[in-house]
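Chemist: dropping a prediction and its sequence here:
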Amino acid sequence: MSASRDAVHLDAAACVRCGACVEVCPTGMLGSAGVGALPAAVGSRCIQCGHCMAVCAPQAIRIDGIDPTALSLKTLDVPDAWVPYGRGDAAALFGLMRSRRSCRRYTTDPVARSVLEDLVRMGTTAPSGTNSQVWCFTVLPTRAAVVGLATGILDYFKRLNRLAANPLARGLTRLVGRSDLSAYYANHYRAVEAGIQAWEQHSVDRLFHGATAVILVSARPGGSTPGEDALLATQNILLAAHAMGLGSCLIGFAVAALRRDRQIQTRIGIPAEAVVHAAIALGHPKQVFVRAAGRKPLTLRWSE
């Protein structure tokens, strides 16, 4: 998203005319007549990235649409200072990254709403294409809300399984060049059917695994890379959740159902034009690991 030059406000009395804001502006929105001159909004497009605000020591610049308190947290006291390049603890960060695992066993303890809100705020520190920030977050903060969503998703898969179990339906879709239904039947039908039976007959939750909260990450139209932006924010949330003592798991079946049956997302208040890119199950984990597992062999290509 972008703003006009009227959105850029400069405090001439506070400005020291160092020119740093002009140098850092990625769109040429800010300019000056030369060394020692007062900067001014000369371009036509401000992407509201905040680079000029972040580089200005005397805080002489304000941009409409940027809320300085948007990254303040309720549950953690975070210094306002910028962490300089090379000053973060890279080893600790990597330790966190490799320790986070998909959690499929949760306690019944609820996740505090303040924690869920802080997780979303941490998610919004992710980069986005042209700083569009078209992501949106829908929080289901209780087990009852999660069960309500799960019920709608399982209803969708019951309909899909009935269709996939019909050989005529699979044959007809192949005739029109669509093998999706046959591929679903071969790869997912039996596991989904077992999950439906476990839910209906034994109240076993194989979809959200008993999670007591869910965060759905979607994107509105208008961004240059909305899917990538939403998933970058999702990764931030996953790592932050682990650091805050929570287990998390991405639920791909939920995303598939929400995309194909828009009535499900409408019922939980997600606008019809938004596309869901991630469903994050959250809760207090029952399981404890003792070490970081490995990964498949790395494929690394160098091109010079």
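Modeler: Noted; the coordinates are in hand.

Chemist: in the sheet, who's paired with the closest residue to residue 120 other than its chain neighbours?
Modeler: Computed as CB to CB, 6 or more residues apart in numbering, the closest residue to residue 120 that is not its neighbour in sequence is residue 137, at 4.6 Å. In this view, the C-beta of every residue, glycine as well, is placed from N, C-alpha and C. Here residue 137 sits in beta bridges with residue 217, as judged by DSSP bridges.

Chemist: per-domain residue ranges of this protein.
Modeler: As recorded under automatic domain parsing, the domains making up the chain are 5-63, 90-143+207-283, 146-202.

Chemist: for the ones you listed, which one sits closest to residue 84?
Modeler: Among these, domain 5-63 comes nearest to residue 84, with 12.2 Å by CB to CB.

Chemist: I'd like the distance from the closest one to the chain centre, please.
Modeler: The chain centre lies 30 Å from the centre of domain 5-63; the measure is CA atoms, centre = their mean, to the nearest Å.

Chemist: same thing with stretch 191-211?
Modeler: For stretch 191-211 - counting by CA atoms, centre = their mean - the centre lies 26 Å from the chain centre.

Chemist: distance of residue 68 from residue 40?
Modeler: The gap separating residue 68 from residue 40 is 22 Å, by CB to CB, to the nearest Å.

Chemist: so for these two, which sits in the more crowded spot?
Modeler: residue 40 (16 against 12; other CB atoms under 10 Å).

Chemist: my guess is that one contacts residue 32. True?
Modeler: Yes: between residue 40 and residue 32 there is a contact at 6.8 Å, judged by CB atoms under 8 Å.

Chemist: what's the helix or strand for the closest residue to residue 122 other than its chain neighbours?
Modeler: Leaving aside its sequence neighbours, residue 122 sits nearest to residue 240 (CB to CB, 6+ apart; 4.2 Å). Per DSSP states H and E: residue 240 is located in helix 226-243.

Chemist: what's in contact with that helix?
Modeler: Helix 226-243 is contacted by residues 96-97, 99-100, 118-120, 122-129, 132-135, 137, 215, 217-220, 223, 247-248, 250, 275, 277-278, 280, 282 when judged by CB atoms under 8 Å, 6 or more residues apart in numbering.

Chemist: about what we covered before: the residue nearest to residue 122: how many residues sit nearby?
Modeler: Neighbours around residue 240, by other CB under 10 Å: 23.

Chemist: where along the stretch 1-150 of the chain do the helices fall?
Modeler: Ranges of helices in the stretch 1-150 of the chain, per DSSP state H, counting those that start in this stretch, are 20-24, 51-55, 90-99, 113-123, 143-164.

Chemist: give me the contact list for the fourth one.
Modeler: Contact partners of helix 113-123, identified using CB under 8 Å, 6+ apart, comprise 70-76, 135, 137, 139, 141, 213, 215, 217, 233-234, 236-237, 240-241, 244, 246, 282.

Chemist: sorry, back to before: show the average pLDDT along whatever helix or strand comes next after the helix holding residue 240.
Modeler: Using DSSP H and E, the helix or strand that directly follows helix 226-243 along the chain is strand 247-250. Strand 247-250 shows a mean pLDDT of 98.
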